[in-house]
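Asker: Would you be able to build a 3D model of this:
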Amino acid sequence: MIENMGNEQSAEQLYLELLKKAILFEIWIEHERNFPSSDNYVFNPVPEKRETGSDWPPIAHSMIGRERMNHLHQCLESVIRENVPGDFIETGVWRGGSCIFMRGFLKAHRITDRTVWVADSFEGLPLPDPNYPVDQGGVWHMYDFLRVSLETVIDNFKRYSLLDDQVSFLKGWFKDTLPKAPIQKIALARLDGDMYSSTWDSLSNLYDKISLGGYIIIDDYILPCCASAVHDFRNQFGIDDAIIKIGKEPCSAAYWRKTKERSKAVLKPHTV
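Answerer: Sure thing, here's the model as predicted:
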């Protein structure tokens, strides 16, 4: 008889840990080496980079890495434990891995009254808008690697048996889809749009729907254009909730919890 070693995990915990390993491709990472991309970039993934999310994986369904995936899990646990009302949304989903984990989390905990919103152009990043000077010179739109179709993301959900009516897709540029998205309340918003315009559009259209106690996660906080949008938005609306970095230095992501409603100033991004 095998003795209990004192570290017994629940079936839900075991499932979610295995789900992370599959989404991040941690179990088979050696098979991603020397895998050429459509951008002629040759990958050489190593566990240390997968931990921090500092590589671009050729096969894995997420590039956020273990630190940020664990943090997402902690935020989801907090939302449920503290009964923060609302759905989950990610703006900028790539292959869908973070949203797949969100849906898996809801299923593991038998939660049926929350939706995972999957928002993306599914055509890559937009051309820099001349109205946003901080984005000028950006080349994100040139990377085919970042262009993942809606059909591919849907298929990825199916691979985990997690595609159902608790998953909703918002296809198009954020400035077009988010203002009319039929979302009532948000408990967690994960913003992964890289650019000033994408970050501003996400914050300006979603922030008022985020519940008090809800989480705002900025995946690309390390990028100056993204950080500028975050600080412009917070400064304009008197948001002083502490920004906390995620993971070990140098951290690429950060988050804060919403503790009060924003001031009712007129939305005005920094444009030319």
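Asker: Buried residues in the lowest-mean-pLDDT helix or strand in the chain, which are they?
Answerer: The helix or strand of the chain with the poorest confidence is helix 47-52; it has a mean of 80 (mean pLDDT, DSSP states H and E). Neighbour-count burial for helix 47-52 flags Arg50, Glu51, Thr52 (criterion: 16 or more other Cβ atoms under 10 Å). C-beta here means a position set from N, CA and C on the backbone, and glycine is covered the same way.
Asker: and which of those residues is nearest to Phe25?
Answerer: Closest to Phe25 out of the buried residues of helix 47-52 is Arg50 (7.8 Å), distances taken as Cβ to Cβ.
Asker: Give me the residues contacting the least confident helix or strand of the chain.
Answerer: Here helix 47-52 makes contact (Cβ atoms under 8 Å, 6 or more residues apart in numbering) with 24-26, 29, 55, 57, 60, 65-67, 247-248, 252.
Asker: next structured bit after the lengthiest helix in the chain?
Answerer: Taking DSSP state H as the criterion, the chain has its longest helix at helix 65-81. Downstream of helix 65-81, the next assigned helix or strand under DSSP states H and E is strand 87-91.
Asker: what helices or strands is whichever helix or strand comes after that next one leaning on?
Answerer: Using DSSP H and E, the helix or strand that follows strand 87-91 in sequence is helix 97-108. With contacts taken as 3 or more Cβ pairs under 8 Å, 6 or more residues apart in numbering; DSSP states H and E, helix 97-108 sits against helix 11-23, helix 65-81, strand 87-91, strand 116-120, helix 150-159.
Asker: how about JSON lines for the ones you listed, with distance to Asp241, mean neighbour count and mean pLDDT added?
Answerer: Formatted as JSON lines, those follow (distance: least, Cβ to Cβ, whole Å; neighbours: other Cβ atoms under 10 Å; pLDDT from 0 to 100):
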{"stretch": "helix 11-23", "distance to Asp241": "27", "mean neighbour count": "16", "mean pLDDT": "96"}
{"stretch": "helix 65-81", "distance to Asp241": "14", "mean neighbour count": "19", "mean pLDDT": "97"}
{"stretch": "strand 87-91", "distance to Asp241": "19", "mean neighbour count": "26", "mean pLDDT": "98"}
{"stretch": "strand 116-120", "distance to Asp241": "22", "mean neighbour count": "27", "mean pLDDT": "98"}
{"stretch": "helix 150-159", "distance to Asp241": "31", "mean neighbour count": "16", "mean pLDDT": "98"}
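Asker: Nearest residue to the middle of this structure?
Answerer: Arg190 (4.1 Å; Cα atoms, centre = their mean).
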